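Q: My questions concern the predicted model and sequence given below.
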Amino acid sequence: MKPGGGIEIRRFVCGPLETNTYVLADPDRKVCILVDPAEPGGAVERFLDQESLAVERILLTHGHFDHIAGVPGFRARGNAPVWIHAADADMLIRPEANMSIFIGLDIRTEPADGFLEDGSVIPFGSGGGLRVMHTPGHTPGGVCFAGDGFVLAGDTLFRGSVGRTDFPGSSERGLMQSIRNGLMTLEDNVRVYPGHGETTEIGFERRHNPFLTRRSG
């Protein structure tokens, strides 16, 4: 799919928790950004080889194990730098922080190469690039990436649902503030690419998501 700004987006459902890994490709330059590599190799690597795409950067919406398990393998593919929000940086190196230890796994990687900041723009494609939106709630350092007509929402917003807030460091109030004051400021026709499940649109969620339409009190 080519949503705009010269960026093509491909979604791959990966890992035991069916996490969405995204390849954002600039076909003219034969480079891509990899978002949330959930497992090493597999269909994602086959696609990169098939399209002869070099991984320019790895971006992480947050640090839970099911979104970072593929980082070591893909990082080695051309020494791609890894970026995460500073508030989630510890999750890359501590299995107890990324929660893998609680299901009998020991998932960790090297520290981040750079940190994502709210409002910063990552140049990519022929449009305005990717704008970082800090959306804490699911994790303290959760972020979304807004492009030309689309947003990669991580585990902040799903089709008809929102991210879990029963984990250490989570905040239901913080998550809803991030959604209402951040994602819901985007236009209705902005396509939402979530961390799990099918794509949706901001307008659909504004009108139909029960977490957004329910009345408080």
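A: Great, that's in hand. Residues are numbered from 1 along each chain as shown.
Q: any idea how far P111 is from L60?
A: 12 Å (Cβ to Cβ, to the nearest Å). Just so you know, the C-beta spots here come from the backbone N, C-alpha and C atoms, and that holds for glycine as well.
Q: Looking at the two, which has the bigger crowd around it?
A: Taking other Cβ atoms under 10 Å, P111 and L60 do not tie; L60 has more neighbours (27 against 10).
Q: isn't the more buried one right up against D88?
A: Yes - using Cβ atoms under 8 Å, L60 is in contact with D88, at 7.4 Å.
Q: Tell me where this structure has helices.
A: With DSSP state H, the ranges of helices along the chain come out as 42-51, 65-68, 71-75, 95-98, 172-181, 202-208, 210-213.
Q: For the first one, which helices and strands make contact with it?
A: Spelled out, that is helix 42-51. Helices and strands touching helix 42-51, as assessed by 3 or more Cβ pairs under 8 Å, 6 or more residues apart in numbering; DSSP states H and E, comprise strand 8-14, strand 19-26, helix 71-75.
Q: Pick the most buried one from the ones you listed.
A: strand 19-26 (a mean of 23; mean count of other Cβ atoms under 10 Å).
Q: got the contact list for that strand?
A: Contacts of strand 19-26 with the rest of the structure, by Cβ atoms under 8 Å, 6 or more residues apart in numbering, involve 6-14, 31-39, 44, 47-48, 51, 53, 66-67, 70, 124-126, 130, 147, 152, 193-197.
Q: can you tell which of the helices of the chain is closest to N189?
A: helix 202-208 (6.5 Å; Cβ to Cβ).
Q: can you list the weak-confidence ranges in the protein?
A: Filtered on pLDDT under 70, the chain yields the residue ranges 1-5, 215-217.
Q: Go again with 80.
A: 1-5, 78, 214-217 (pLDDT under 80).
Q: Now stretch 102-119: buried residues?
A: Within stretch 102-119, the residues that count as buried by 16 or more other Cβ atoms under 10 Å are 107-109, 112, 116.
Q: Many thanks, have a good one.
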